[in-house]
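1. Return atomic coordinates for the entry below.
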Amino acid sequence: MVEPYRRPKSFTPVVVTYVAAFYTRVIGAAVTEQLYKEKYWEEHPGKAVPLMKPKFYGGPWRVMGGEIPRYE
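-> I've put the predicted structure just below:
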């Protein structure tokens, strides 16, 4: 016997979860960077804060002379 048509399950909860996780990570990264800057300023008053290396990125990360090289 043929089963009656049922609508597929909604993807809305999955999308909402992924969007919430993304923005949670963005806010977490901003807070982490701000805490890093404040700690550096306390230890080295008046100096420029160096770039913070990404914690969860294992790809290539290259800094030349304190500046990120531009590829134009």
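2. and A29, how many neighbours?
-> Using other Cβ atoms under 10 Å, A29 has 14 neighbouring residues. (Each C-beta comes from the backbone N, C-alpha and C, glycine too.)
3. quick check, it in a helix?
-> Yes: the assignment for A29 by DSSP: H, G, I helix; E, B strand; the rest coil puts it in a helix.
4. mind checking pLDDT for it?
-> At A29, the pLDDT value in this model is 87.
5. Repeat that for Y71.
-> pLDDT, Y71: 56.
6. Likewise for T17?
-> What the model reports as pLDDT for T17 is 95.
7. now P45
-> pLDDT at P45 comes out at 89.
8. Quick check: phi and psi at it.
-> P45 adopts backbone torsions of phi -60, psi 140, taken as degrees, to the nearest 10.
9. Quick one: neighbours of it, just the number.
-> Neighbours of P45 using other Cβ under 10 Å come to 7.
10. could you measure it against R7, distance?
-> According to Cβ to Cβ, to the nearest Å, P45 stands 62 Å off from R7.
11. ditto for V26
-> From V26 to R7 the distance is 33 Å (Cβ to Cβ).
12. of these two, who's got more company?
-> Under the neighbour definition other Cβ under 10 Å, V26 and R7 were set side by side, and V26 has more, 10 against 5.
13. Pull the contacting residues for R25.
-> Under the criterion of Cβ atoms under 8 Å, 6 or more residues apart in numbering, R25 has no contact partners.
14. That one belongs to a helix, doesn't it?
-> Yes: according to three-state DSSP, R25 belongs to a helix.
15. For this protein, which segments count as helices?
-> Ranges of helices within the chain are 12-43, based on DSSP state H.
16. Find the centremost residue of it, please.
-> V26 (4.7 Å; Cα atoms, centre = their mean).
17. Can you give me the pLDDT of it?
-> 92.
18. Who are the contact partners of it?
-> Counting by Cβ under 8 Å, 6+ apart, there are no residues that V26 touches.
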